[in-house]
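Asker: A predicted structure for the sequence below; I have some questions about it.
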Amino acid sequence: MHILSDRGGLPLVVGISAGNTHGLHGLKPMAGGLRSRHDPERGRRYKPRKLHADKAYDTSELRRWLRGKRIAVRIARKGIDSSEQLGRHRWVIERTMSWLTGYRRLSPRYERQPRNYLAFLGHAAALLCYKRLLQLTT
């Protein structure tokens, strides 16, 4: 399960891949598929400014690719940076993963077909967004 979320933990893009593939291979298609949205207050397109990730995503190719997309890279470097510094940002995505796996059909994985599992994952992400909307409006 791959998830890109905003600062508050709302899932922006969800995806799946095989269990034996590295998460790094799922990040590029998801970040590339993240569409910018129009901000009516500013009158222009809104793009993500930063990407926070753990040390597993520390590759020079990924850093170059993200810089080419004009996204600031906040990835801990292997052997140099401490994992604890990213902890305050990483818990957001861990919490989002916990919210999503709280839905019965997602954990454990009952679906054999990847498209069915992705549909349930997208539905769960939409429910999370809807619940957050209800909290903000009431």
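Answerer: Looks like it came in fine.
Asker: Show me the strands in the protein, by range?
Answerer: 2-5, 11-15, 37-39, 44-46, 50-53, 72-75 (DSSP state E).
Asker: among those, which is nearest residue 59?
Answerer: Smallest distance to residue 59 across the strands of the chain (C-beta to C-beta): 8.8 Å, for strand 72-75. Glycine gets a C-beta too; all of them are placed from N, C-alpha and C.
Asker: The closest one - what's its average pLDDT?
Answerer: Averaged over strand 72-75, pLDDT sits at 84.
Asker: Adding distance to residue 135 and mean neighbour count, write the strands of the chain out as a markdown table.
Answerer: Formatted as a markdown table, those follow (distance: least, C-beta to C-beta, whole Å; neighbours: other C-beta atoms under 10 Å):
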| stretch | distance to residue 135 | mean neighbour count |
| --- | --- | --- |
| strand 2-5 | 16 | 18 |
| strand 11-15 | 16 | 18 |
| strand 37-39 | 21 | 10 |
| strand 44-46 | 22 | 10 |
| strand 50-53 | 24 | 17 |
| strand 72-75 | 27 | 15 |
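Asker: for those strands, which one sits closest to residue 130?
Answerer: Between residue 130 and the strands of the chain, the tightest spacing by C-beta to C-beta is seen for strand 11-15, at 11.8 Å.
Asker: Provide the contact partners of the helix ranked longest in the chain at residue level.
Answerer: In the chain, assigned by DSSP state H, the helix with the most residues is helix 114-137. Outside of helix 114-137, the residues within contact range by C-beta atoms under 8 Å, 6 or more residues apart in numbering are 1, 3, 8, 10-11, 14-16, 96, 99-100, 103, 105-106, 109, 111.
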